[in-house]
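Visitor: I'll drop the sequence and a predicted model, then ask my questions.
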Amino acid sequence: MNISNFDELLQAARAQAQPQRLLFVFAGVELPDDSTPEQAASFAAGEGGALVPLMVVDSSG
């Protein structure tokens with residue numbers, strides 16, 4: 001099964017025999033405190049960094 005968008009995810013969850021519980025984790029990217037100057041330059045250019053959680057949504061349905 002290929003899921004390529006949010007509507008397909010919900011459709012797949014609804015198609016299951018048992019109710020599904022969905023956990024969404026929204027993440028951002030930031031430069032870690034212990035980064036090297038090279039990593040900081042890459043981050044400034046829009047590359048690299050570390051994923052950090054911003055918000056979690058737990059949904060039954």
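Guide: Done, it's in.

Visitor: excluding chain neighbours, what is closest to Gly28?
Guide: Leu54 (5.0 Å; Cβ to Cβ, 6 or more residues apart in numbering). C-betas here are computed from N, CA, C, even on glycine.

Visitor: Three-state assignment for that neighbour, please.
Guide: strand (DSSP: H, G, I helix; E, B strand; the rest coil).

Visitor: quickly note the distance from it to Gly48.
Guide: According to Cβ to Cβ, to the nearest Å, Leu54 and Gly48 sit 18 Å apart.

Visitor: please apply the same query to Asp34.
Guide: According to Cβ to Cβ, Asp34 stands 13 Å off from Gly48.

Visitor: ok, those two, which is more surrounded?
Guide: Gly48 (16 against 6; other Cβ atoms under 10 Å).

Visitor: may I ask which helix or strand encompasses the more buried one?
Guide: Per DSSP states H and E, Gly48 falls between elements, in no helix or strand.

Visitor: that one reaches Gln39, doesn't it?
Guide: Yes - look at Gly48 against Gln39 with Cβ atoms under 8 Å: they come within range, at 5.8 Å.

Visitor: residues shared between the contacts of those two?
Guide: Here Gly48 and Gln39 have Leu31 as joint contacts, going by Cβ atoms under 8 Å, 6 or more residues apart in numbering.

Visitor: I appreciate the help and will end here.
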